[in-house]
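**Student:** just need the structure, nothing else, for what follows:
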Amino acid sequence: MKKYLLPLFLLTLISATLSLSGCTKQGLTTNTTTVRTSPQSPDVEALYNQGIDFYNNRYFIQAAQKFREAAKQGHAKAQFRLAALYRFGSGVQKDLDQAIHWYRKAAEQGNLDAQLSLGMMYYKGIEIPRNLEEAEKWLSLAADQGNQDARDKLEKVQDELVK
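**Tutor:** Numbering: from 1, shown residues only. Down below sits the predicted model:
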């Protein structure tokens, strides 16, 4: 019987310690920190890749959802993709304000495709009011990254600004 007393004593001690330490369904509270037991948020790159898979299979609604989740976490490629979906109304209602918002977020992070898209939109002035200064700004950034289309269009924009 003595061989069972020590394990029973230790089990009782552990149970009492856990109940006194603040163990709850939300997490385990210690003297200085709370350790959460809820699952971590999905990896932002995984969200983006899921969005790409949905997009490639033409499930645009699901792609938009994944891109939006990643975009809100600051993923520049997801922001660019979400902007394009809003611009063309694929999987979401067409919304040029949202498209510009997400293009700008991606472009400000250095996303070349977003910089080029904004530059061209401002240059052409078809979907949004024409603004050569904004076109020059975004095309210059894309050209600085080596994009030849941006360089070519930038020359035209600068010629028009001089006139």
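
**Student:** next up, the contacts around the residue lying closest to Asn131 once chain neighbours are set aside.
**Tutor:** Once flanking residues are discounted, Asn131 sits nearest to Tyr122: 4.6 Å by Cβ to Cβ, 6 or more residues apart in numbering. In this view, the C-beta of every residue, glycine as well, is placed from N, C-alpha and C. Residues in contact with Tyr122, defined by Cβ atoms under 8 Å, 6 or more residues apart in numbering, are 128, 130-132, 134-135, 138.

**Student:** His75 contacts Ala46, correct?
**Tutor:** No - counting by Cβ atoms under 8 Å, no contact exists between His75 and Ala46, whose distance comes to 10.5 Å.

**Student:** these two - which one has more neighbours?
**Tutor:** His75 (23 against 11; other Cβ atoms under 10 Å).

**Student:** list phi and psi for that one.
**Tutor:** phi -80, psi 110 (degrees, to the nearest 10).

**Student:** just the buried subset of the contacts of Tyr122, please.
**Tutor:** Among the contacts of Tyr122, those classed as buried by neighbour count (16 or more other Cβ atoms under 10 Å) are 132, 134-135, 138.
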